[in-house]
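Engineer: Compute the structure for the input listed below.
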Amino acid sequence: MHGTLNEQEMNNLLSSQGIGRIACTNGTQPYIVPVTYFFDGEYIYGQTSDGIKLKLLRKNPKVSFEVDMITDMIHWQSVVVRGRFEELHGEDAEEAHERFFYKHYSLASTSKVHLHEHDSVTEMETIENIKPVVYRIRIIKKTGRFQKR
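Structural biologist: A predicted model of the protein is given here:
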């Protein structure tokens, strides 16, 4: 059975996952990459560093974002978001970075997070040396689909 996710189901899927795909373009060629993110019920937040994705997002802030949960080929849910990239600065960036870090802390495995597993001791990573650019996606429209038996 195919179906459409309602607003609450789409929000639940966006909130429950931590890895999605962001698509951007230079106007002629789409570019899509996986990203870690968190959803606060209103915006999708992420972090990145200088590279192709950031260059494209700054030039053209129109984005698509996709997240899914796939159990098998006949049991899945997917949400596609159309939105607008917004680069965050100052206190907004620091607050988003902190929330991002705590959402994904359990997924981290660097020596800077798990100091007890390594001989050297270093300072905890900060917004300045992990991923210097924090952003959010302002959601314009979202659609959701599912399939189940």
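Engineer: got the phi/psi numbers for the spatially most central residue of the chain?
Structural biologist: Residue closest to the average C-alpha location in the chain (Cα atoms, centre = their mean): Y37, at 2.5 Å. When quoted as degrees, to the nearest 10, the phi and psi of Y37 stand at phi -160, psi 170.
Engineer: Confirm for me that it is in contact with I19.
Structural biologist: Yes: with contact taken as Cβ atoms under 8 Å, Y37 and I19 are classed as touching, separated by 7.4 Å. Heads up, the C-betas are built off the backbone N, CA and C, glycines and all.
Engineer: which neighbours do those two share?
Structural biologist: Counting by Cβ atoms under 8 Å, 6 or more residues apart in numbering, the residues touching both Y37 and I19 are V67.
Engineer: Which strands and helices lie in contact with the helix or strand bottoming out on mean pLDDT in the chain?
Structural biologist: Using mean pLDDT, DSSP states H and E, the weakest-scoring helix or strand in the chain turns out to be helix 90-104, at a mean of 84. In this structure, helix 90-104 makes packing contacts with strand 38-39, strand 43-48, strand 133-147, judged by 3 or more Cβ pairs under 8 Å, 6 or more residues apart in numbering; DSSP states H and E.
Engineer: Next, give phi and psi for E42.
Structural biologist: phi -130, psi -40.
Engineer: number of nearby residues for it?
Structural biologist: 10 (other Cβ atoms under 10 Å).
Engineer: before we move on, the earlier item: name the residues of the least confident helix or strand of the chain that are buried.
Structural biologist: Within helix 90-104, the residues scored as buried using 16 or more other Cβ atoms under 10 Å are A93, A96, H97, F100, F101, K103.
Engineer: okay but the third one is in contact with T48, surely?
Structural biologist: No: shown here, H97 and T48 do not form a contact pair, counting by Cβ under 8 Å, at 11.7 Å.
Engineer: that older thread, dump the buried residues of helix 90-104 to a markdown table, plus distance to K142.
Structural biologist: Below are these laid out as a markdown table (distance: Cβ to Cβ, whole Å):
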| residue | distance to K142 |
| --- | --- |
| A93 | 24 |
| A96 | 20 |
| H97 | 24 |
| F100 | 20 |
| F101 | 25 |
| K103 | 20 |
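Engineer: just these now: which is nearest G144?
Structural biologist: If you rank the buried residues of helix 90-104 by distance to G144 using Cβ to Cβ, K103 comes first, at 21.1 Å.
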